[in-house]
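**Q** Coordinates for the following, if possible.
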Amino acid sequence: IIKLNSLYAIYEAVRNHAGLAMLPDYLASLDNNIEVCMEKIQRPPVDMYFVYAEERKHSNRINILQTFLTDNFKTSKF
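**A** Okay, the predicted model is just below:
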């Protein structure tokens, strides 16, 4: 068992034949040698939070980033 806290490190471990892992589709699709398996299995939902400083509440940059992340999570298959 390998425990990693970086999606990219997990991707690199799988890419280097370390075994199976759960990867988001945008990472798994980077390499044609990564084979999707157990795609019928549904994982339990995970709560995610978008956190920023209170004084940035009305920031246009924060708004754009939040919209970008929300739109991409809707189309991504984690």
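**Q** what pLDDT does the most centrally placed residue in the chain get?
**A** The C-alpha lying nearest the average C-alpha coordinate of the chain belongs to Pro24 (C-alpha atoms, centre = their mean; 4.7 Å). We have a pLDDT of 82 for Pro24.
**Q** and it, how far is that from Ile34?
**A** Per C-beta to C-beta, to the nearest Å, Pro24 is found 12 Å from Ile34. In this view, the C-beta of every residue, glycine as well, is placed from N, C-alpha and C.
**Q** Equivalent analysis for His17, please.
**A** Taking C-beta to C-beta, one finds His17 at 10 Å from Ile34.
**Q** After the least confident helix or strand in the chain by mean pLDDT, which helix or strand is next? Please name it.
**A** One helix or strand of the chain scores below all others by mean pLDDT, DSSP states H and E: helix 25-28, with a mean of 81. Counting by DSSP states H and E, the element after helix 25-28 in chain order, helix or strand, is helix 60-75.
**Q** and that following helix, what does it pack onto?
**A** Contact analysis of helix 60-75 by 3 or more C-beta pairs under 8 Å, 6 or more residues apart in numbering; DSSP states H and E lists no helix or strand as a packing neighbour.
**Q** If you count neighbours, what's buried in that helix?
**A** By neighbour count on 16 or more other C-beta atoms under 10 Å, the buried set for helix 60-75 is empty.
**Q** how about Leu20, what does it touch?
**A** By C-beta atoms under 8 Å, 6 or more residues apart in numbering, the contact set of Leu20 is Val14, Cys37.
**Q** Look up the pLDDT of Phe78 for me, please.
**A** Value for Phe78, per-residue pLDDT: 59.
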